[in-house]
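J.: Have a look; sequence and predicted model below, questions after that.
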Amino acid sequence: MKTIGMIGGSSWKSSTEYYRIVNEAVSERLGGHHSCQCLMFSIDFDGFSRMQHEARWDEAADVFIDAARRLEKGGADFFIMCANTPHKMAEQVQNSVSIPLLHIADVTGEAIRKSGLSRVGLLGTKFTMEQDFIKGRLSDKFGIEAIVPDERDRDSVHRVLYDELCLGIINEESRKLYVEIIDRLKGSGAEGVILGCTEIPLLIRQEHVSIPVFDTTEIHALAAVDYALSQV
């Protein structure tokens, strides 16, 4: 079994889900008392959050580069960043270490392609929805068009993420709001929806909406297990 390196803490609420999923998956696949061989370095989200909102991306990249190097020194065979937004800095972080990064957009793109869909909605932070580090990669590598909500809905999605979900607050009114936003994306032609922030699955699951849901937390964590258990 390869050792998974995980950069967590952005936020730690979703990082706990990663840890749960990778261990449950290894236990299920290998049986007995098996669990996942992994390392996690958890950043202090408050500082990273400020850097994002102040567009201090080079400083933010330094935080993740330091974390990746710590994981490499600790013996990780590859690593993941347990959030979508840090993938804006994916190339800088990958170039700082010799172990490979398993990119969240790549495994999500593979899952969407296997489903046969080509036009999906994308929910996430405003950075993820408005910039191309996820959307562009999905388009360039997989031919998938990711459409996003209008500006008002993007503001609402972002607010709920930072003011509620990252703090562990689950609000039924916010769930209703997200469902309405997803319905509007469906009306705009979305065949499915990417939960493109790893906290969103704390609020929205497949049972809540009528189109296929692509949970990036689960997809990413299970792909990490696949790689850890592969012979490559």
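T.: Great, that's in hand.
J.: drop to CA atoms for contacts and neighbour counts, all remaining ones
T.: Noted.
J.: ok, which stretches of this protein are strands?
T.: Taking DSSP state E as the test, the strands found in the chain are 4-8, 38-42, 78-81, 119-123, 145-147, 192-195, 213-215.
J.: Which among the ones you listed is found nearest to E110?
T.: Set against E110 and scored by Cα to Cα, the strands of the chain come closest in strand 213-215, at 10.8 Å.
J.: pLDDT averaged over that closest one, what's the number?
T.: Mean pLDDT, strand 213-215: 98.
J.: Which neighbouring elements make contact with that strand?
T.: helix 104-115, strand 192-195 (3 or more Cα pairs under 8 Å, 6 or more residues apart in numbering; DSSP states H and E).
J.: Looking at these, which one is packed in the most?
T.: Among the helices and strands packed on strand 213-215, strand 192-195 has the highest mean neighbour count (mean count of other Cα atoms under 10 Å), at a mean of 24.
J.: For that one, give the mean pLDDT please.
T.: The pLDDT scores in strand 192-195 average 98.
J.: Report the backbone C-alpha coordinates of it in CSV.
T.: Extracted C-alpha coordinates of strand 192-195, given in CSV (Å, rounded to 0.1, in the frame of the first residue of the first chain):
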residue,chain,number,x,y,z
GLY,A,192,-25.5,17.1,-13.5
VAL,A,193,-23.8,19.2,-10.8
ILE,A,194,-20.3,19.2,-9.4
LEU,A,195,-20.1,19.9,-5.7
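J.: could you pull out the helices for the chain?
T.: Along the chain, the segments classed as helices by DSSP state H run 12-30, 45-53, 57-74, 90-94, 104-115, 126-130, 132-142, 151-163, 172-187, 216-229.
J.: Now distance to L202 too, for these, in JSON lines please.
T.: Below are those laid out as JSON lines (distance: least, Cα to Cα, whole Å):
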{"stretch": "helix 12-30", "distance to L202": "8"}
{"stretch": "helix 45-53", "distance to L202": "18"}
{"stretch": "helix 57-74", "distance to L202": "24"}
{"stretch": "helix 90-94", "distance to L202": "24"}
{"stretch": "helix 104-115", "distance to L202": "18"}
{"stretch": "helix 126-130", "distance to L202": "18"}
{"stretch": "helix 132-142", "distance to L202": "21"}
{"stretch": "helix 151-163", "distance to L202": "10"}
{"stretch": "helix 172-187", "distance to L202": "10"}
{"stretch": "helix 216-229", "distance to L202": "10"}
